[in-house]
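Visitor: Would you be able to build a 3D model of this:
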Amino acid sequence: MAAVQNAVNTAKENLEKWLEEKNYFTDLLGKVEEKTKVKKLYLFLGIVGVFSLYLIFGYGAHMIVTALGFAYPAYQSVKAVESVQKDDDTQWLIYWVVFGCFNIVEFFSDILLSWFPLYFLTKLIFLGWCMAPVSWNGSDTIYNKVIKPFVLKHQKKIDSAIDKVGEQVDKYAKEAKDAATEAAIRAATENKKDE
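Guide: Presented below is the predicted three-dimensional model:
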């Protein structure tokens, strides 16, 4: 019980410290705090509570969660690509691999899962964990424990399948090119006969 209390206190202290940082959001909360005399912490928790209820009962939760799972990582990815460091590129590349795999799994299970009232709130928490700036974030965990071992185990089969698909695409592209060339020649010769 003491460990849980310590964790809650630490989280509260970290949240309060974050709410004291200078940025647009915390400045806005500061103005509201001055007018209402309600602490920033309680204002923030109220916003989180209302937003959570909206994700449970509101309209458009799927779009909101997907946008939040895309917007911040996309912004951070652009910053990472433009920076000289390699580690941030790897971090966001891993996020996108996990995000893509999650979307494929979600595509097949969404019909069932989206009916659960807490689905979109849980999805937002999951995506938040995946993009969290901590060493144990969801992207690193899922990539290193699930995706990477699977790909490494099946890499030869996957590469072989990709090569076969590439060969087929090349074959059909060549056939389409030959057929188009032949049709163009035929059309040109028929036009000359008509003249």
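Visitor: Quick check: which ranges of this protein have low pLDDT?
Guide: Regions of the chain meeting the criterion pLDDT under 70 cover residues 114, 191-195.
Visitor: can you give me the helices in it?
Guide: In the chain, the segments counted as helices under DSSP state H are 2-19, 24-36, 40-57, 61-82, 87-113, 119-131, 138-142, 148-194.
Visitor: Dump those helices to a markdown table, plus mean neighbour count.
Guide: C-beta coordinates here come from the backbone N, C-alpha and C atoms, glycine included. What follows is the helices of the chain, written out as a markdown table (neighbours: other C-beta atoms under 10 Å):
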| stretch | mean neighbour count |
| --- | --- |
| helix 2-19 | 10 |
| helix 24-36 | 12 |
| helix 40-57 | 14 |
| helix 61-82 | 14 |
| helix 87-113 | 14 |
| helix 119-131 | 18 |
| helix 138-142 | 19 |
| helix 148-194 | 10 |
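Visitor: With Ala183 as the reference, measure out to Glu190.
Guide: Here the criterion is C-beta to C-beta, to the nearest Å. By it, Glu190 lies 10 Å from Ala183.
Visitor: I'd assumed Tyr72 was in contact with Leu124.
Guide: No. The pair Leu124 and Tyr72 fails to qualify as a contact (C-beta atoms under 8 Å) at a distance of 11.6 Å.
Visitor: Name the residues contacting each of these two.
Guide: Common neighbours of Leu124 and Tyr72, counting by C-beta atoms under 8 Å, 6 or more residues apart in numbering, are absent.
Visitor: From Tyr54, how far out is the residue nearest to Leu68 when sequence neighbours are not counted?
Guide: Once flanking residues are discounted, Leu68 sits nearest to Leu124: 6.4 Å by C-beta to C-beta, 6 or more residues apart in numbering. In this view, Leu124 and Tyr54 are 11 Å apart by C-beta to C-beta.
Visitor: One more: Phe107?
Guide: The gap separating Phe107 from Tyr54 is 24 Å, by C-beta to C-beta.
Visitor: about what we covered before: now do the shared contacts for Leu124 and Tyr54.
Guide: Once C-beta under 8 Å, 6+ apart is applied, it turns out that Leu124 and Tyr54 contact no residue in common.
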